[in-house]
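A.B. asks: sequence first, then the predicted structure:
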Amino acid sequence: MHRTLLLSLLLLVTWTAFAQNGTVAGVITANEGGTVQPMPFVNVIIKGTTFGASTDLDGKYSFPCPAGEHTLLVSFVGFEPVERTITVVPGAATTADVTLATPSNQLQQVDVVHTVDRERESVLMMERKETDKLVQTIGAQELRKKGATDVAEGVTKMVGMSVVGGRYVFVRGLGDRYNAAYLNGLPLPSPDPDMKVAPLDIIPTDVVGSISVTKAFSPELYGDFSGGSVDIRTRRATAEPTLRIQVGGGVNTRTTFGTFRSSNGGGSDFWGRDDGTRDLPAGAARPGTNIGGEQLLVPTNLNGTQGTAAPDLNFGLSGGTRLRLGEHIALGVIGSASYRNEHRYREGAVRIVNASNAALIDYELQSWQFNTQSSALAGLNLELGKRHQVSVTSLWVNLSSDEHRVNDGFHFDYADRVHARRYTFRRNSMWVNQLAGHHAFGRADRLTLDWSGSMGTADAAEPDRRQLVYLYNTDGGTTNYRFNAIDRLENHRWYSDLREEELSAQAGAAYRVIQRERDMELHNVLTLRTGYQVRRMERRFGYDILTYDLTGVNAANPGGVDVDAPDQYLNATTYAAGQFTLNNSTGPEADHRIERNINGAHLAAEVDLVPEKLKLLTGARFEQGDQRIVYRKQSDSFYQPQRVARIESDDLLPFLSLRLDLRERHVLRLSGSKTISRPGFREMAPFEYTEFFAGTKNIGNPDLRNGTNYNADLRYELYPGHGELLAVGAFGKVLNDPIEKVALATASGQLMSFRNTGQATVAGVEVELVRNIGHLMGRDSSVWNAFSIGLNATYLCSRLEVGEQNAGSESGTVVLTNAARPLQGASPYLLNADLSWTRALGRTLTLTATAAYNVFGARVFAAGANGLGDQYELPVHTLNFILRGDIGRRWQVNLNLRNLLDAPVRVQQETPNGTSLVSEYRTGVGISAGIGFRIL
C-alpha cells in the first residue's frame, strides 16, 4: 500500500510540473583565417540561467528553454564570446546559428588550451562515436541524474554490467578474476582480501568525472582480463572557480528509528576508524600458547549495546579553479572531501540442506550494520600550452562496517538449538598517488608521448571480531542457555590485517608515420604505437585468534546464562577464579605473503585502409608475469621453512580490430583478441575462513595456474541525433582452464575452494538505446522533447565443462555434482531501463526526474556438491526514482527513492527432491534528500 501511494505521488509531482517551453537549436562555426568550420565542445547557454548545452562534433546543439526573450551566450577559449537576443516560442524550435571569431589583437603564436567537459553525456557520446575501441563511458552528469552514489552502482547503468553482493562487478557474466580496474589509466590496488579487483563501491561518485568500460582487449591494457576493463577518471578543474557544499540525510523503511544493536567499540567508529580499542593485546600475541597470568588481557566488552537507528547522514565540500599563469601556462586545481553513513537492519533465513532436501542448518538471521564511507581527492593539472600537460592526483578512500549478527536455529551436530552472536568491525582503505604527463610534437601532433606512474596502498583490517555461541532448549516452557563448550574455536576473538602495496609505471609513444592532407586538414593514414609497462604488487596478510574454554563457566552457572550479559561471566573476576581460560590458537597458516610482478611491452598499428571509411588496428602485447605465494599449511609447524607456490608465464597476446563507417552516423566494429586470467590472491592462499558460525568455509589453492581466453566482438552503432545512440552487438568467448569456486569433501558443513575446471564458453547479444522520446516518436513537441529514454539489455549463454580434477591437490578432493553448468555469476539476461524528464519552470528552476529499473536473470550462486544441485540467486527487480532541482546557478536540491519494490534477495538450492530456499532477506526502501549550495 505504501509503495503504491509513493509511486502515485511521484507521478503527480512529475506530470503537474509541465510548463510551456520551446527549443533552442543551431550550429556554431568559427572563422579562422577565412575558413569557416564547425566547432565542437562550444558552451551555449542562456545567460544568467543553467539552460544550455555543448555542441557536438558537427558544431550542432539543442536544448529546451522557457518561452520568452533571452540572451544567448556562446563562448569558447581563444574566441570572442558572442551574445545574441532570441525569442523562444512555446512548443516551437528557435534557430540560432553563430560564427565565432578570434580577437583582433590575439597573436597568432599564442597557444589556445582546449578544455573539454568530459562529465557531460553529449561530449562522451561524441567521443564514443569517434573512438576506434569497443568502449562505453558514463559521465558524472548521467551518474547524478540516475542517482548512483558509488562506482559499482554507476556501472550497472551500462550494458552487460551487473553487480553481485552490492559491490562485485560482473561484465558479460564474467566475475572478478576476468576483469580489471584502473584509476586514470593506472592499476587500482584492492583493499578487499577476497578480490583481485578493488570492489568498486569503495569509490564515491563525488570524485568521479567519468567511468569507461572497455570490453575488447587493446595492447596498452594489461592482458589479465576477458570480461571488461573499468577505468575511473577523477574530476578535473573547470574553467570557472567553483566551491560547493552539500549536505543530506535519509531513512530506510526497515531500519530507521527502530531498535539498533551494536558492539562496544571505540570513540572513532563514527568516522570509520578504530581508535585502538580493538588492538590485539601485546601479551596475547604468542601463537599456540595458553594466555596465563593473573590479569585478563582482553577488555570486558562482550555485552553489546542497544539504541535507536538514526537517519542516514552525508555531507561534502568540493571546489576547483583554473589559473592562467601566462600566455601559454594554466594550472588547474581541484579538491573534494565527503563523508556518509547509514544504519541498516536485515532479517532473513539461512539454510543448508542435504541431497534429500532435509535441513542440516536452518537459522533465522538478524543483522544490524553501521556503515561509513569517507573520501578525499586532490588534483593539480599543469598545462604548458595545448601540447604539454603534467598532472598529479591523490585519492584517499575509507570504508567501515560495524555489524552485530545473530544466527538462531537448528544445527544437525547438536541436540539443542543454537544461538550465535558475532560482532565484526571491518575497515577497508585505499590511498593512491599518481603522476602523469602528455606531450605532443610536430605538425598536427605527429608525435605524442604519454607517461605515468602510481604508488598505492590498500588496507583491510578486521580487529577484535568477537563471537560467542550458545546452546539452548525450551524444556518445561523456559529457555535455558549455556555456552557451547564443545567446539572451543567457535567462542573467540579474531584479529586480522592485510596490506597491499602497488607500484606501477608506463610510457607510450604514438607516431603518425603517414599523413595526408584532405579538406585542408591533415589526416593520419598510418600510426604506430608502442609502450612499456611495469607493475609490482605485494600483499601481506596475517591473523591471530584467541579462543575461550568456557567449560568452567557452564559448571559455575548450572541454571544457565544470560545471552544479553556475557560480561558478567567473562570478566577479570571469573578469570582469576579459573572459570575460563583464553588461548592463542593461531596456526602456522595464519601469515602469508603474495607477490606479483608484471612487465609488458606492446606494438600496434592503426591503418586508414579506406579514408573516412575503413580503419584497421592490429598488434600484439608481450607480457611476462611472475606470481608467487609464500605460506605454511595448517599441518606444518611454526619452525618449518615456508612453502613457495609460483606461477611464471610469458604470453604473446595478439589483437585485431576493424572499424567501418557505413555512413555518416553508422559505425560497424569488429574485434578479436587473446588474453589471460591470473588467479586472485585469496584464491591461492591456503588459509581457511568462515563467514559466520557453522557457515560455509573457504580455503585457497596454491596449485592454481593461469587461464587462456579467446574473445570476439561485433557491434553496430547508429547515432541518430545529438547525444543519442542505438547499438546492437554480439560477443563470444572461449575460456581455457577457467578458475571456479568448487566444493571439497569434508566431514562436516561445507568447504569451498578453487580449481582450474576444464573449459567454458560464453556468448551473447547486447542492445543499447539512448533516445529523446520526441525524436523517437517523430514529434517536435516541447512536451515529448522533455523526455528521454535509456535502455540496455543483454542475453547471455554460458557453459562450463568441468574437466578431470586432481584428487591429490593440497586443498582437497572436489565433489561437484554437475559436470556441466553455467558460469558462476553469469545471468542469462540483464535489463536496465530509465526514463528521464527535464523541464524548465520559469527562468531559474530546472527539474529533472528519472525512474531507473534493473533486473537480472537467475544466476549460479554456488556450485552443487555431494549430490546436491547448484545454488541459484533468483531475479531481483529494482526500481529507483530521482528528482533533482537546479535553482539558479547556486542551489540544488534532490530527492532519491531507492529500491521502491523492496524485492526479496533469495538463493535457491536445487536437489534431487526439488528445490529449497536457503537464503532470503529484504533490504528496505531508502528515502533520502539533499541540498547543495555553490559558494563560488
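C.D. replies: That came through, no problem.
A.B. asks: give me the mean pLDDT for stretch 400-413.
C.D. replies: Across stretch 400-413, the average pLDDT comes to 94.
A.B. asks: going by neighbour count, which residues in that stretch are buried?
C.D. replies: Neighbour-count burial for stretch 400-413, counted by 16 or more other CB atoms under 10 Å, picks out S400, S401, D402, E403, H404, R405, V406, N407, D408, G409, H411. (Each C-beta comes from the backbone N, C-alpha and C, glycine too.)
A.B. asks: stretch 380-387 now?
C.D. replies: Within stretch 380-387, judged by 16+ other CB under 10 Å, the buried ones are L380, N381, E383, L384, G385, K386, R387.
A.B. asks: would you mind measuring from D703 to A849?
C.D. replies: The spacing between D703 and A849, counted by CB to CB, to the nearest Å, is 54 Å.
A.B. asks: who has more neighbours out of those two?
C.D. replies: Neighbours were counted for D703 and for A849 using other CB atoms under 10 Å; A849 has more, 24 against 18.
A.B. asks: make sure that one is actually in contact with G885.
C.D. replies: No - using CB atoms under 8 Å as the test, A849 is too far from G885 to be in contact (9.6 Å).
A.B. asks: T85: how many residues sit nearby?
C.D. replies: The number of residues packed near T85 is 10, by other CB under 10 Å.
A.B. asks: now the strands: where do they sit in the stretch 201-350 of the chain?
C.D. replies: Here the stretch 201-350 of the chain has its strands, by DSSP state E, counting those that start in this stretch, at 208-214, 228-234, 242-252, 259-262, 289-290, 305-308, 312-324, 329-353.
A.B. asks: V767: which of those strands is closest?
C.D. replies: Of all the strands of the stretch 201-350 of the chain, the one in closest proximity to V767, counting by CB to CB, is strand 208-214 (16.3 Å).
A.B. asks: and that closest one with strand 329-353, angle?
C.D. replies: With axes from the mean of the first three to the mean of the last three CA atoms, to 10 degrees applied, the angle from strand 208-214 to strand 329-353 works out at 60 degrees.
A.B. asks: what pairs with strand 208-214, parallel or antiparallel?
C.D. replies: strand 135-139 (antiparallel), strand 228-234 (antiparallel) (DSSP bridges).
A.B. asks: mean neighbour count and mean pLDDT added to these, as TSV?
C.D. replies: Output for the strands paired with strand 208-214, formatted as TSV (neighbours: other CB atoms under 10 Å; pLDDT from 0 to 100):
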stretch	mean neighbour count	mean pLDDT
strand 135-139	22	84
strand 228-234	23	88
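A.B. asks: JSON lines for those strands, including distance to L868?
C.D. replies: What follows is the strands paired with strand 208-214, written out as JSON lines (distance: least, CB to CB, whole Å):
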{"stretch": "strand 135-139", "distance to L868": "38"}
{"stretch": "strand 228-234", "distance to L868": "32"}
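A.B. asks: out of those, which gets nearest to N179?
C.D. replies: When the strands paired with strand 208-214 are compared for distance to N179 using CB to CB, the nearest one is strand 228-234, at 5.4 Å.
A.B. asks: can I get the CA coordinates of the closest one in CSV?
C.D. replies: As requested, C-alpha coordinates have been extracted for strand 228-234 and formatted as CSV (Å, rounded to 0.1, in the frame of the first residue of the first chain):
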residue,chain,number,x,y,z
GLY,A,228,35.9,-5.8,-19.0
SER,A,229,38.4,-3.2,-18.0
VAL,A,230,36.9,-0.4,-15.9
ASP,A,231,38.8,2.9,-15.9
ILE,A,232,37.6,5.5,-13.4
ARG,A,233,38.6,9.1,-14.3
THR,A,234,38.7,11.5,-11.5
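A.B. asks: what lies in contact with it?
C.D. replies: The contact list for strand 228-234 (CB atoms under 8 Å, 6 or more residues apart in numbering) reads 118, 151, 155, 160-161, 169, 171-172, 174, 179-185, 188, 197, 200, 203, 207-215, 221, 377, 379, 393, 395.
A.B. asks: tell me if L776 really is in a helix.
C.D. replies: Yes - when classified by DSSP: H, G, I helix; E, B strand; the rest coil, L776 is found to be part of a helix.
A.B. asks: quick check: closest non-adjacent residue to N428.
C.D. replies: For N428, the nearest residue in space outside its immediate sequence neighbours is P191; the separation is 4.0 Å by CB to CB, 6 or more residues apart in numbering.
A.B. asks: model confidence score at that neighbour, please.
C.D. replies: In this prediction P191 is given a pLDDT of 74.
A.B. asks: count of neighbours near it?
C.D. replies: Summarising burial for P191: neighbours were counted as other CB under 10 Å, giving 26.
A.B. asks: try G930
C.D. replies: 18.
A.B. asks: give me the buried stretch members for stretch 38-58, please.
C.D. replies: Result for stretch 38-58 [16+ other CB under 10 Å]: buried residues 39-46, 49-57.
A.B. asks: from Y631, how far off is the closest residue to E688 other than its chain neighbours?
C.D. replies: Using CB to CB, 6+ apart and skipping the chain neighbours, the partner closest in space to E688 is I699 (4.6 Å). Distance, I699 to Y631, using CB to CB: 12 Å.
A.B. asks: who has more neighbours, these two?
C.D. replies: Y631 (24 against 21).
A.B. asks: tell me what the closest residue to the more buried one other than its chain neighbours is bridged to.
C.D. replies: Once flanking residues are discounted, Y631 sits nearest to H592: 4.0 Å by CB to CB, 6+ apart. Counting by DSSP bridges, H592 is bridged to F541.
A.B. asks: got the contact list for H592?
C.D. replies: Taking CB under 8 Å, 6+ apart as the definition of contact, the neighbours of H592 are R540, F541, G542, I629, V630, Y631, R632, A685, P686, F687.
A.B. asks: how about a cut-off of 6 Å?
C.D. replies: By CB atoms under 6 Å, 6 or more residues apart in numbering, the contact set of H592 is F541, Y631, A685.
A.B. asks: and if you look at S585?
C.D. replies: The contact partners of S585, taken as CB under 6 Å, 6+ apart, are I545, T547.
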